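Student: Return atomic coordinates for the entry below.
(one chain, ligands or ions: 1)
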Amino acid sequence: MIDIDGKTAVLGLIGNPVEHTLSPLIHNTIAEVDGNNTAYLPFHVYDENVEMAIRGAGALGIKGLNVTVPHKKSVMPFLDDIDELAEKIGAVNTVVFRDGGCKGYNTDALGFIRELKEAGMCVEDRSVVVVGAGGAANAVVHALLSLNVREILLFNRSVEKAEKIFGDFKDVKIYPLEGWKGVLTGKYPCIQCTSVGLAPKVEVSPIEDEEFFEHIESVIDIIYRPAETKFMRLAGEHGAKVFNGLSMLLYQAVESYQLFTGEKVSDDAVKKAGKRLAEAVWKN
Ligand code: NDP
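Tutor: Numbers count the residues shown, from 1 in each chain. The predicted structure is shown next:
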């Protein structure tokens, strides 16, 4: 339970909608365990009010905001500064207000890198399979490139859409979903970034062909609801190590909180927030 007083630093999330967000649970648990005087609230901001929300937050002395769908791109023109990685990704999910200005960051990529390390998946100098080319895949691809992968073999339903985003990247090779035949020859780490298999439509996978999964040595499926997607199940049945996206979700919040406060989040706080998050996500 947070004690709010005159010194409480206000943090929050802007998005449309925000009703189902899990961010307050994570951030307020961290504050509770680490004894920080912060309070994190959801703010439902309509598209036409994004600029006003950022200016208003600065005027109110709000210390930090997360930004979620659909404002991750549209918020960028209203920030005083943007971190290099967020600029490259072209999306901001964290805004820090300091010294009269505000700076945007992207912690989705940082959260993903932390999950990758926790999972023990080594990607340096490897060819990595990425399935999907939406907003989340964009953060994942930039994270992988920052870890010096040899190349990314990216499979997406719409090659045209993927080429619009990644067409200029020399280390990203783009194929349709069924294009893996003749391309995959050995075993690969794989990141599943489509929304296919997300609850409640859990009995589908972006790729169903059993032969594909013979080429997969490990998977992070960034979906976290259900805990095991069909993609993960098929990969697991072919001997791959499989992980869902809950740690990515947790760690992007931890990285944001650290940016907001300038202090490291304790291991105890991460553990407790992770436990509560898992209970909230998988309670049914
Ligand atoms: P987008 O809408 O930006 O992208 C969706 C992706 O899924 C595209 O590649 C799209 O292909 C593909 N896709 C959608 N429907 C189908 C289909 N029927 N068949 C094949 N491909 C399909 O979504 P996001 O990138 O924002 O999110 C994707 C997933 O990642 C969501 O499930 C979300 O929950 C999860 N996520 C997890 C996070 C975490 O922290 N763990 C963070 C952010 C997202 P096409 O380009 O052809 O349309």
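
Student: use CA for all of it now, contacts and neighbours both
Tutor: Fine.

Student: Could you tell me which residues make contact with the residue nearest to residue 107 when sequence neighbours are not counted?
Tutor: The spatial neighbour of residue 107 that comes closest, neighbours along the chain excluded (C-alpha to C-alpha, 6 or more residues apart in numbering), is residue 252 at 4.9 Å. Under the criterion of C-alpha atoms under 8 Å, 6 or more residues apart in numbering, the contact partners of residue 252 comprise 107, 108, 109, 110, 111, 112.

Student: give me phi/psi at residue 252?
Tutor: Dihedral pair for residue 252: phi -60, psi -30, per degrees, to the nearest 10.

Student: buried set for stretch 240-260?
Tutor: Of the residues in stretch 240-260, those with enough neighbours to count as buried (16 or more other C-alpha atoms under 10 Å) are 240-257, 259-260.

Student: near the ligand, from those?
Tutor: Filtering the buried residues of stretch 240-260 for proximity to the ligand (criterion: C-alpha under 6 Å from any ligand atom) leaves 245, 246, 248, 249.

Student: Wasn't the third one part of a helix?
Tutor: Translated: residue 248. Yes - with the criterion set as DSSP: H, G, I helix; E, B strand; the rest coil, the secondary structure at residue 248 is a helix.

Student: thinking it is in contact with residue 117, fair?
Tutor: No - no contact is recorded between residue 248 and residue 117 when judged using C-alpha atoms under 8 Å, the distance being 10.8 Å.

Student: Tell me the residues of the protein that contact the ligand?
Tutor: Counting by C-alpha under 6 Å from any ligand atom, the chain comes close to the ligand at 132-137, 156-158, 161, 193-196, 198, 206, 222-224, 245-246, 248-249.

Student: Now, of these, which are buried?
Tutor: 132-137, 156-157, 193-196, 198, 206, 222-224, 245-246, 248-249.

Student: So which of those residues sit within helices?
Tutor: 135, 136, 137, 246, 248, 249 (DSSP state H).

Student: give the contact list for the third one.
Tutor: Put plainly, it is residue 137. Under the criterion of C-alpha under 8 Å, 6+ apart, the neighbours of residue 137 are 130, 131, 193, 194.

Student: switch the cut-off to 6 Å
Tutor: residue 193 (C-alpha atoms under 6 Å, 6 or more residues apart in numbering).

Student: Also the second one?
Tutor: Listed by C-alpha under 6 Å, 6+ apart, the contact set of residue 136 is empty.
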